[in-house]
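Trainee: Below are the sequence and a predicted model; questions follow.
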Amino acid sequence: MRLTDEEKRMLDGKYGKAVAMAMTILSKLGELYGAEELMPISQVHLDGCSFKAVGEAGLEFTEKMVDYGGKVCVPATTNPISRDMKRWREFRIPPAFAEKSRRLEDACMRLGAVPTWTCAPYLYGIVPRFGQQIAWAESNAINFVNSVIGARTARYGDFADICAAVTGRVPKFSLHLTENRRGEVLLKIKNPRLFDFNDDSTYPLIGYIVGDMAQGRIPVIEGMPESTTPDHLKGLSAAAASSGNVALFHILEITPEAFTYEAAFQGKQPLLIQEISEEEILKARQSLNTGEGGQVDLVIIGCPHASYSEVEKLVQIMNGKKVRKGVEFWVQTNRTVHRWLEQTGLLDALSASGVKVLEDTCVLNWALDNWQFRLLVTNSGKFAHYAPGIMGSRVVFGGIEKCVEAAVTGEVRRA
């Protein structure tokens, strides 16, 4: 791999041990993927902020980078953490686990990261512009920022993200390069008029199908309505990244690199054309529904973190209804949205209904020994995909209306 004179100085330790260690890791990463050189980036989103996700090794690595004098040299935002900082005791987080989470949070801050603590930094962070070269981790965020915003990042994971933030460099490869962003398969929504696009659960289901059909290739989706919103695309991005590791998709006439068919495929023809039918939607819904019905323990929305507009919609649907005794109803969001909810009175409305709003965290990253969730209901395709394996729970997937119905009645009807 060719390094510039400045990068050689970084590798040789002229800027300290942290930069040298980071450059060593990035150089090896670039060689592994066949990159010929490194390239500058303008911002980073750090995934490794959750102790549950990175464990003792991640905590040790991050604290070592701090001890070596590491500091971010480009703006670096942060992913959700493994606790609600203010209410972790209320949510039964073990003290020893909470302490290690605190140490990791502190290490990220000492590196100079911006405490956004959200998996949706494209909505409430330092939002990049179209074409900007960045280094983001967190699967749904990678997918959204590449696809919907049109900034450019490869799929970065824990440790590599910190190295990028400390050096301001990444290998020049993967989705950073224009030729690697060409659409490869065309997925056509069959008879769009038959799809219920007013149901917010439709979009994660489409994403889940897209991830499965793409099979590691870049999909181009045809037939999505003009009314598609960022919240819809958020749900689609997260589900597609979960079911198929999709890091970039194009939607004809909606996403910025797909305003035309020719632009999406860069003048070439798709390798494969498939249809997304109503039957495929039904199969995807059945796949995400691992619980047929019964008494509900937990209702949860906000994976990725709920936006203000989603919470506002939830308040409207609740309309003063009360969460049934014995049911936990949790909304996951970040501190920015949480503060807006406080200022507008929506947080009080939710609290009066029995809904709890979690701040800066995600239940999938918790130590859950003190909870026994047998059946949960969620509007998140990503959460429905991962919860059975991580939490050992059965899952019912549906839109916000279905979540509210389950929370109020305390049960879900069998199909």
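Mentor: Sure thing, it's come through. Numbers count the residues shown, from 1 in each chain.
Trainee: what packs against the helix or strand harbouring L29?
Mentor: Secondary structure assigned from DSSP states H and E places L29 in helix 17-32. If you count contacts as 3 or more C-beta pairs under 8 Å, 6 or more residues apart in numbering; DSSP states H and E, helix 17-32 packs onto helix 5-11, strand 38-40, helix 51-67, helix 160-167, strand 169-171. Just so you know, the C-beta spots here come from the backbone N, C-alpha and C atoms, and that holds for glycine as well.
Trainee: what about the ones you listed, which gets the closest to G30?
Mentor: strand 169-171 (3.2 Å; C-beta to C-beta).
Trainee: any residues touching the closest one, and which ones?
Mentor: Residues from elsewhere that reach strand 169-171 (C-beta atoms under 8 Å, 6 or more residues apart in numbering): 1, 7, 10, 23, 26, 29-30, 33, 35, 37-41, 135, 154, 156, 160, 164, 176.
Trainee: Enumerate the positions of the helix holding L29 that are buried.
Mentor: The neighbour-count check on helix 17-32 (16 or more other C-beta atoms under 10 Å) flags 18-23, 25-27, 29-30 as buried.
Trainee: same thing with stretch 125-145?
Mentor: In stretch 125-145, counting by 16+ other C-beta under 10 Å, buried: 125-126, 128, 132-145.
Trainee: same check, this time on stretch 246-258
Mentor: In stretch 246-258, counting by 16+ other C-beta under 10 Å, buried: 246-252, 254-255, 257-258.
Trainee: Take these and write them to TSV, including distance to L111, pLDDT and secondary structure.
Mentor: As requested, the buried residues of stretch 246-258 are exported to TSV (distance: C-beta to C-beta, whole Å; pLDDT from 0 to 100; DSSP: H, G, I helix; E, B strand; the rest coil):
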residue	distance to L111	pLDDT	secondary structure
V246	29	97	coil
A247	25	98	coil
L248	28	98	coil
F249	32	98	coil
H250	34	98	strand
I251	36	98	strand
L252	41	98	coil
I254	36	97	coil
T255	33	98	coil
E257	33	98	coil
A258	36	98	coil
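Trainee: Rebuild the helices and strands packed on helix 17-32 as TSV, extending it with mean neighbour count, distance to W366 and mean pLDDT.
Mentor: Shown next, in TSV, are those (neighbours: other C-beta atoms under 10 Å; distance: least, C-beta to C-beta, whole Å; pLDDT from 0 to 100):
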stretch	mean neighbour count	distance to W366	mean pLDDT
helix 5-11	15	37	98
strand 38-40	18	37	98
helix 51-67	18	6	97
helix 160-167	28	22	98
strand 169-171	26	31	98
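Trainee: and K382, which of those is closest to it?
Mentor: Of the helices and strands packed on helix 17-32, the one closest to K382 (C-beta to C-beta) turns out to be helix 51-67, at 14.2 Å.
Trainee: Just want the angle from the closest one to helix 160-167.
Mentor: Angle of helix 51-67 versus helix 160-167, following axes from the mean of the first three to the mean of the last three C-alpha atoms, to 10 degrees, is 30 degrees.
Trainee: List the contacts of E222.
Mentor: E222 neighbours (C-beta under 8 Å, 6+ apart): 186-189, 251-252.
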